[in-house]
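Participant: Have a look at this fold, sequence not included:
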């Protein structure tokens, strides 16, 4: 990025890709207020690194990488804080947002629940997989090899398959 940094360009990039930020925040935070805090934290990190943006990458790849790294750090901090302040906090994915929407299938709710219980990196990979990102894009965003992406995705799918089988029998 040149020194002719333009806030309008930053705002345009954020507006165009805000869905990524919200998807990541929704995947890592159960509580509405935590989600808002995480979105603000992600946007702040994007702002701070915008002038060093590498134009060889798509904006979406850059945003995913920063958003996921920020979310993982935020999740770890919040998990520790809540374990101290509220040892009885929710463990399962909060489906309250879906109560009014009777169109949501039970399997989708289970899938969201199972994904929310995955480790941070696995959760990030599944989020990108469900976004139909290529293994190459996932590798760039997460910072691991394409082979490692393929292996991890395969293992995660098997884990999710087993979880579905346990819940349907």
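Facilitator: On my side now, so go ahead. Note that this is a predicted model, so its numbers are computed, not measured.
Participant: From now on I want contacts and neighbour counts done on CA atoms only, so please keep to that.
Facilitator: Fine.
Participant: what does stretch 123-142 contact?
Facilitator: Stretch 123-142 is touched from outside by 24, 27, 61-62, 64-65, 68, 115-116, 145-146, 149-150, 153, 156, with contacts defined as Cα atoms under 8 Å, 6 or more residues apart in numbering.
Participant: Out of the residues you listed, list just those in strands.
Facilitator: Using DSSP state E, no member of the contacts of stretch 123-142 falls in strands.
Participant: Most neighbours among those residues, which one is it?
Facilitator: Tallying neighbours with other Cα atoms under 10 Å puts residue 68 at the head of the contacts of stretch 123-142, with 26 neighbours.
Participant: Could you pull up the contacting residues of it?
Facilitator: Going by Cα under 8 Å, 6+ apart, residue 68 touches 24, 124, 142.
Participant: distance of the second one from residue 131?
Facilitator: This means residue 124. With distances taken as Cα to Cα, to the nearest Å, residue 124 is found 11 Å from residue 131.
Participant: same deal with the last one?
Facilitator: Between residue 142 and residue 131 the distance is 14 Å, computed by Cα to Cα.
Participant: Which one of the two is surrounded by more residues?
Facilitator: residue 142 (19 against 11).
Participant: roughly how far apart are the more buried one and residue 127?
Facilitator: Here the criterion is Cα to Cα. By it, residue 142 lies 11 Å from residue 127.
Participant: next one: residue 143
Facilitator: Plainly put, residue 143 is 15 Å away from residue 127 if you go by Cα to Cα.
Participant: Between the two, which has more neighbouring residues?
Facilitator: The neighbour count for residue 143 versus residue 127, taken as other Cα under 10 Å, is higher for residue 127 (19 against 11).
Participant: Would you indicate which residues of the helix or strand where that one lies are buried?
Facilitator: Element membership of residue 127 [criterion: DSSP states H and E] is helix 120-130. Across helix 120-130, burial judged by 16 or more other Cα atoms under 10 Å covers 120, 122, 123, 124, 125, 126, 127, 128, 129.
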